[in-house]
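Q: Model the following, please.
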Amino acid sequence: MTTPHTIAVLGLGRMGSAMATRLAAQDWDVVGWTRSGRTSGTVKLTDDPNEAVAQADLVLLALFDGPACQQVLDDVRDALRTDTIVLNTSTIAPAEASRLARQLGQSYVHAPLLGSVPSVAAGALQILAAADQNALDRVRPVLETLGTVRPVDDASTAAALKLIANNSLAGAVLALRDSLRQGDALGLPRAQVLDVLELGQLGGLVARKRPFLLGESPAATAEFTIDALTKDMALLAAVSDTPLRSAAGVADTPAAPEADIAIAATVSAVEDTVLEPLRAYIRGHATGDPTHFRDAFLATAHIEGIRDGAFVSWRLDEYCALFQGRPAPDEPIRSRRIDAIDVHGNVATATMTLSHGADTFTDIFLLVRADDSWRIANKAYHRHS
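A: Numbering: from 1, shown residues only. Now for the predicted structure:
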């Protein structure tokens, strides 16, 4: 077993540059190359990836996605020595990881990383490493300089586990967004809300991102970008073929792609204009005045569901005729809440729960934006008795 001494780092983005810097500081001979034009002042650079690879015992990939990994490896394939190990730390799809493992055989180590730039600097990454045992033994000293090695059975599994880990991060960011939005709605000071959240399950994320969340460092360098997390969630949604709310939730964040993921927790998840027709709909039920429903719905809307065991599809006029212009006798004990709303450009979906006496209704809405205002295009409901 020969431990690599010369390391070519292909990809000097945030993580690649951080890894190159740490490895160089630990006396490895590091040469870097980047597709993006970013430079690092701490390691030797070359304009030609083949030149970097030709010198290397170990080629470390830190690239944005699977196609980038394939393209770079195709470009440098002739420069790879037979004894060179390719260590891929990029977040890619399981099928892409499997394909690279088949192409490179026992010289390929798939090792996605859990952690961001500060974890690299501290040597505290968690590394999901899948490889032939001999290859893993050869690169272990390099990996252990970066963090803790957690062996995984195969490249596909390692890639899938990384996507699952990033999904939990996306979920935490969106949960934080909801908490901050509710705190704002209640008029609570942002710093006080963060103090409380830091005591709970979101504490680690809040502690790391507090300056972002308080708006104190909007121009700071991102550790993990919205663009990268969006890409990862899209990969997971595609390969799992199961619903994934975080994919849409992160992708629809109104912020620059290069912004830190913490920004996704600070932006408004829903504009008030989207809520206006839903609030008009609530007023219609609260007052019994059908005028509010005409404000909420498009004139062409239909309201559909099961009533007395039969499917009904009312036009708006038919639906409005059910209301007599006065509140229900038990209105003081009735309640309605908007449970969820997802906006995608000019269309949106929303879910509402209505507790009306002995019955609870789940209403599902399709909304559209036309002429700069939102209206409900259709509603379907389920009645729980």
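Q: SS state for the closest residue in space to D295 that isn't next to it in sequence?
A: Nearest non-adjacent residue to D295, counting by C-beta to C-beta, 6 or more residues apart in numbering: A280, 4.4 Å away. (Glycine included, C-beta is placed from N, CA and C.) Here A280 is recorded as helix under DSSP: H, G, I helix; E, B strand; the rest coil.
Q: Number of residues surrounding A280?
A: 18 (other C-beta atoms under 10 Å).
Q: T360: which element?
A: Assessed by DSSP states H and E, T360 sits inside strand 359-370.
Q: chain center to the helix or strand containing K379: distance?
A: Using DSSP H and E, K379 sits within strand 373-384. Distance of strand 373-384 from its chain centroid, counting by C-alpha atoms, centre = their mean, to the nearest Å, is 28 Å.
Q: What of stretch 83-101?
A: Put simply, stretch 83-101 sits 22 Å off its chain's centre (C-alpha atoms, centre = their mean).
Q: Going by neighbour count, list what's buried in that stretch.
A: 84-101 (16 or more other C-beta atoms under 10 Å).
Q: Assess the claim that E304 and R315 are in contact.
A: No: look at E304 against R315 with C-beta atoms under 8 Å: they stay out of range, at 10.6 Å.
Q: Just the buried residues of the lowest-mean-pLDDT helix or strand in the chain, please?
A: Taking mean pLDDT, DSSP states H and E as the measure, the chain has helix 245-251 as its least confident helix or strand, at a mean of 72. Of the residues in helix 245-251, S246, A247, A248, G249, V250, A251 count as buried by neighbour count, 16+ other C-beta under 10 Å.
Q: what residues does stretch 319-330 touch?
A: For stretch 319-330, contacts defined as C-beta atoms under 8 Å, 6 or more residues apart in numbering pick out G284, A286, T287, G288, D289, P290, F293, R294, I303, R334, H356, G357.
Q: If we use 7 Å, what do you get?
A: G284, A286, T287, G288, D289, P290, F293, R294, I303, R334, G357 (C-beta atoms under 7 Å, 6 or more residues apart in numbering).
Q: quick one: which of these is nearest D74?
A: Nearest to D74 among the contacts of stretch 319-330 is I303, at 56.1 Å by C-beta to C-beta.
Q: before we move on, which element is the closest one in?
A: strand 297-307.
Q: In JSON lines: the contacts of stretch 319-330, plus pLDDT, secondary structure and neighbour count.
A: JSON lines is the format used below for these (pLDDT from 0 to 100; DSSP: H, G, I helix; E, B strand; the rest coil; neighbours: other C-beta atoms under 10 Å):
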{"residue": "G284", "pLDDT": "97", "secondary structure": "helix", "neighbour count": "21"}
{"residue": "A286", "pLDDT": "97", "secondary structure": "helix", "neighbour count": "15"}
{"residue": "T287", "pLDDT": "97", "secondary structure": "helix", "neighbour count": "16"}
{"residue": "G288", "pLDDT": "97", "secondary structure": "coil", "neighbour count": "16"}
{"residue": "D289", "pLDDT": "97", "secondary structure": "coil", "neighbour count": "18"}
{"residue": "P290", "pLDDT": "97", "secondary structure": "coil", "neighbour count": "18"}
{"residue": "F293", "pLDDT": "98", "secondary structure": "helix", "neighbour count": "23"}
{"residue": "R294", "pLDDT": "97", "secondary structure": "helix", "neighbour count": "17"}
{"residue": "I303", "pLDDT": "97", "secondary structure": "strand", "neighbour count": "21"}
{"residue": "R334", "pLDDT": "95", "secondary structure": "coil", "neighbour count": "14"}
{"residue": "G357", "pLDDT": "91", "secondary structure": "coil", "neighbour count": "11"}
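Q: Which two among those are spaced furthest apart?
A: Of all pairs drawn from the contacts of stretch 319-330, the one with the longest distance (C-beta to C-beta) is R294 and G357, at 25.0 Å.
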